[in-house]
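> everything below, folded, please.
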Amino acid sequence: MQVAAIAIVGSAQFGSRREEIGELASQPLVSERTIEDLGSGESEVGLGIDAYVEIGRHEVVMRAVEDLGCARWTHPAGRRAQKRRLIHALITISRNRSEHWQNSCVPPAERARLKRFRVGSTALMQYDIPAWVPDAIFYQIFPDRFARSGRVPQPSNLEPWDADPTPHGYKGGDLLGVIDHLDYLASLGINAIYFNPIFQSAANHRYHTHDYFQVDPLLGGNAAFEAMMGACRDRGIRVVLDGVFNHASRGFFQFNDLLENGQQSPWRDWFKIHDWPLKAYDESEPARFNAWWGLHALPQLNTDNPEVREFLMQVGEYWLAKGVDGWRLDVPEEIQTEGFWEEFRSRTRAVNPESYIVGEIWKPAPDWVNEGSRFDGVMNYPFGEYVLRFVAGERINLAITDPASYDLSHPHDAGGYSDSIDFLQRVYSRQATLANLNLFGSHDTPRLLEAVGGDRESVVLATVLQMTFPGAPSIYYGDEIGMRGAHDPGSRGGFPWDRRDSWDEDLLTIFSELIALRKQEKVLRTGEYRRLAPGEGEYETWLYVMERRLADDGVVVAVNAGDDESSTMFAYHQEDSELIWGQGSIATTDGTTTVTVPGRAAAIWNIRS
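Reported below is the predicted structural model:
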């Protein structure tokens, strides 16, 4: 079924619009069966329309009742929208939940109100995401471990660069070192960098913020930041910073004043205090103040206090005014202050209307993104889980991955993977899907190659799926050359610039090819997603096939996670195809297409239909 829901309403009687309704059946988003179904139903006033439709596995009943030019819409949960005056409006909501306004004469005020109705748990609302995000290829940099320039004054007690990382040791990476290797990133195809925190801190990861307005001196300070921003702009590389606004640190000036002056501190209400004296350094006793996860080193900021809230809003605005392109927000669910993130979005967008806001939420989080009032997207860890369960399966080293916050313990076959991806397509709006940050690893997980038990083929297959899926792919620094490392701190090692012989050059080439392909084929960045095989309810197969479609441009992607060659057949029409990456064959006879892919391999075709 091509249409998820349809309602036709207007000031004219429905009976007089039968011919118009019939003509609409030829439009690609409207199926004949849906039009036929519109003829039934009774209403309290005039002729009603009941369209019983399906979105994935969720059914919704939409009733449009003619009532002197007004309409009432309901769904099974019983939620009733207010009556809205509609003038000759046709609204179709396609399976991917995008909205298509077919009649521009709908008054703007009515149109804005219409965009807020819900189907099931998914808000069907149009809003803007930054235009550049679907085209972005992100690279995550952990600043202390990426590159050391030798031009930033450093203290003597640093860890050797190539030594195993430790929880508290510094290696001395800096932002001038980032500048030195921007050409490497540009040659890889990177056009956006997400930095772990860069502000002054007493932790190598810098999530313990001392000063939100100063870049850490070990990174080169604000001067190095300005130089780096200029170098990134020269190469067309966007910069997204890590915003840690739920908690600060014991070294944060306002909290340090609290430790010095106790109840007399003017900053007392910036934190939530339980008792006096505070026990910030005595971990044998409760801290006596709200701390993130009870960690004494991380006092939570009292965002219910208007002074704190204003301070954090100004931090967000300040760095955007300095030229950064967005914020990755650390543990945003922890901030429960009503309207906080809505205000943050409004104020930061006022500084830079194209700024990107992405939240660190580990589970599916449609409520945080679908209405466009808080975030553009989230860190799409579920996507990474589903991909790795499929391409790596039992190769996953659970002893390595279990300490992380994601779950890789249940292998997927192609059917299970397809179902999981269909679930993500259902719960996220079109805009959120394009703005989600799709990743496999980060500073909070084992490295990709480590997680899949050292199986290089799993990394390749995962990267094929990542670079062909809607949303912004993100590579954790060094994964493209096969860096190894278990959970924190193991995944935070120094990038081996001086040990080129340790790089997996073939893997680097594959990353470069797939990134280049994504940048070359617009359909891979903004095209619609469609599952081709296996069909719904088909399991115990390892060959997955999907299509990306943008008008007449089509790309078919097939991934065989099994050990043996596999073939699948499905109804699909294509006049011609060109293999543009990988190994495999595709052929169509009498409307049935057969795809064959060798074991542990993938193929990508350009399709002409």
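
> can you tell me the element F390 falls in?
Counting by DSSP states H and E, the element that carries F390 is helix 381-391.

> mean confidence for the helix or strand following that helix?
The helix or strand immediately downstream of helix 381-391 is helix 398-401, counting by DSSP H and E. Mean pLDDT, helix 398-401: 92.

> and after helix 398-401, which helix or strand comes next?
helix 414-427.

> so which residues of the stretch 451-600 of the chain form strands?
Using DSSP state E, counting those that start in this stretch, the strands of the stretch 451-600 of the chain run over residues 472-476, 528-533, 543-550, 553-560, 566-571, 576-582, 585-589, 592-597.

> quick one, what contacts the spatially most central residue of the chain?
Central residue of the chain (Cα atoms, centre = their mean): N436, 1.9 Å from the mean position. Contacts for N436 (Cβ atoms under 8 Å, 6 or more residues apart in numbering) come out as 358, 369, 377-380, 383, 428, 471-472. No exception for glycine: its C-beta is placed from N, CA and C like everyone else's.

> state the pLDDT value of S609.
75.

> correction: the previous question concerned P76.
For P76, the predicted pLDDT is 29.

> what do you get for S94?
pLDDT, S94: 28.

> where does pLDDT dip in the stretch 1-150 of the chain?
1-126 (pLDDT under 70).

> cutoff 50 now
Residue ranges of the stretch 1-150 of the chain with pLDDT under 50: 1-125.

> just the chain next, same as before
1-125.

> let's see that with 80 instead.
For the chain, applying pLDDT under 80 flags the ranges 1-127, 609.

> quick one: contacts for the closest residue in space to R233 that isn't next to it in sequence?
Leaving aside its chain neighbours, R233 sits nearest to G323 (7.2 Å; criterion: Cβ to Cβ, 6 or more residues apart in numbering). Going by Cβ under 8 Å, 6+ apart, G323 touches 229, 233, 239.

> now, those residues that are in strands?
V239 (DSSP state E).

> of the contacts of G323, grab the buried ones for ChimeraX.
Burial among those is assessed by 16 or more other Cβ atoms under 10 Å; the matching ChimeraX selection reads:
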select :229,239
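
> would you format the contacts of G323 as TSV with distance to S418 included?
Shown next, in TSV, are those (distance: Cβ to Cβ, whole Å):
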residue	distance to S418
M229	42
R233	41
V239	36
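
> ok, so of the contacts of G323, who is nearest L543?
V239 (39.7 Å; Cβ to Cβ).

> how much space separates the closest residue to S420 other than its chain neighbours from L514?
Nearest-residue entry for S420: Y386, 4.1 Å, with adjacent residues in sequence omitted and distances by Cβ to Cβ, 6+ apart. The spacing between Y386 and L514, counted by Cβ to Cβ, to the nearest Å, is 19 Å.

> which one's more surrounded, the two?
Ranked by neighbour count (other Cβ atoms under 10 Å), Y386 and L514 place L514 first, with 25 against 22.

> would you agree that one is in contact with V464?
Yes. At 6.4 Å, L514 counts as touching V464 under the criterion of Cβ atoms under 8 Å.

> between the two, which contacts overlap?
W581.

> which residues does N560 form beta bridges with?
L543, A601 (DSSP bridges).

> wait, what's in contact with it?
542-544, 566, 584, 597-602.

> among the residues you listed, which one lies nearest to D422?
For the contacts of N560, the nearest to D422 is Y544 (11.8 Å; Cβ to Cβ).

> now for that closest one: which residues touch it?
Applying Cβ under 8 Å, 6+ apart, the residues near Y544 are 390, 414, 417-418, 533-534, 558-561.
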